[in-house]
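> quick one, fold the following:
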Amino acid sequence: MTLMEKEESIRELTAALLAGRAEEAKQKAYAAHAKGNTEREILDAIMDAVNIVSDLQELDQYDQAKIAAVENAVSASLEVLEEWLQSSEEKFKVKVTVGPVGLKTGALSSLAISASLRAVGFRSTSLGKTQTALDLLRNSEELRADLVIPLLSRDGDQQVRTFNEAYERGGFKNKFNIIPVVDTTTDQTSENFDIARNVEEAISKATEWALKNHRT
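Next up, the predicted model:
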């Protein structure tokens, strides 16, 4: 296959994802792989599409119904990568939960980020329907997570304070490590967790932590 054909297959996958066409997205993911794109490249394309939808939602160009359709399309395309993700997630013996707090595209972002974590070696579970900090913490405790990655809204300062309060008052100290992703600039810091400014930084921090603490 030529480079042009590879790139075109990725563009077709992206278009299907942005349109929320689940079956087409799945078929385009298969086609992209058949035309020479690696699993990592396909996952990157899925992440790019999710980021586009998140940005457009901020401009009120995606309502909840459209976001739900994109979520279904992302889920369908990730099925194509499932065997690769299962083999990749055995690198670390670390259980991770990812969940949104106050994000309209939270379930969608959580799904994609969880897949990215699996790709680099984590046993990650997306808690996409979580709505409050306490819900996320309780569900993570039930799943015996080692690491929790909350996805906080753009109201960064308040969200960090609220999450910190739930963590301290709920009796969760020392039960798991936490790396919140705050999708905006925040001046907040916490002795309880290390804040990441974006997804890439969160994955980097998670990997660094796992290399120091993972169990064999």
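> use CA for all of it now, contacts and neighbours both
Noted.
> next SSE downstream of the lowest-mean-pLDDT helix or strand in the chain?
In the chain, no helix or strand scores lower on mean pLDDT, DSSP states H and E than helix 156-169, which sits at a mean of 83. Using DSSP states H and E, the helix or strand that follows helix 156-169 in sequence is strand 177-178.
> for Asp60, what are phi and psi?
For Asp60, the backbone dihedrals (degrees, to the nearest 10) come out as phi 60, psi 30.
> low pLDDT regions in the protein?
1, 130, 154-156, 183-190, 214-216 (pLDDT under 70).
> domain assignment for it?
The record's domain parsing of the chain by automatic domain parsing lists 3-85, 89-213.
> next one: the shortest one to chain centre, how far?
Meaning domain 3-85. 14 Å (Cα atoms, centre = their mean, to the nearest Å).
> over to the longest one?
Between the centre of domain 89-213 and the centre of its host chain there is 10 Å, according to Cα atoms, centre = their mean.
> tell me how many other residues crowd the closest residue to Lys28 other than its chain neighbours.
Using Cα to Cα, 6 or more residues apart in numbering and skipping residues adjacent in sequence, the residue nearest Lys28 is Leu13, 5.0 Å away. Leu13 is flanked by 28 other residues according to other Cα atoms under 10 Å.
> what sits up against the helix or strand where Leu13 lies?
If you go by DSSP H and E, Leu13 is part of helix 3-19. Applying Cα atoms under 8 Å, 6 or more residues apart in numbering, the external contacts of helix 3-19 come out as 22, 24-25, 28-29, 31-32, 35-37, 42, 45-46, 49, 53, 66, 69-70, 73-74.
> kindly report the same for stretch 122-129.
With Cα under 8 Å, 6+ apart, stretch 122-129 has contacts from 88-100, 106-108, 110-111, 114-115, 117-118, 136.
> Val181 versus the residue nearest to Lys28, what's the distance?
Plainly put, Leu13 is 27 Å away from Val181 if you go by Cα to Cα, to the nearest Å.
> likewise for Asn213?
Relative to Val181, Asn213 is positioned 21 Å away (criterion: Cα to Cα).
> between these two, which has more neighbouring residues?
Legend: neighbour count by other Cα under 10 Å for Asn213 and Val181, higher for Val181 (26 against 13).
> which residues does that one contact?
Ile149, Pro150, Leu151, Leu152, Ile195, Ala196, Arg197, Asn198, Val199, Ala202.
> tell me which helix or strand Ile149 sits in.
Here Ile149 is covered by strand 147-152, with elements defined by DSSP H and E.
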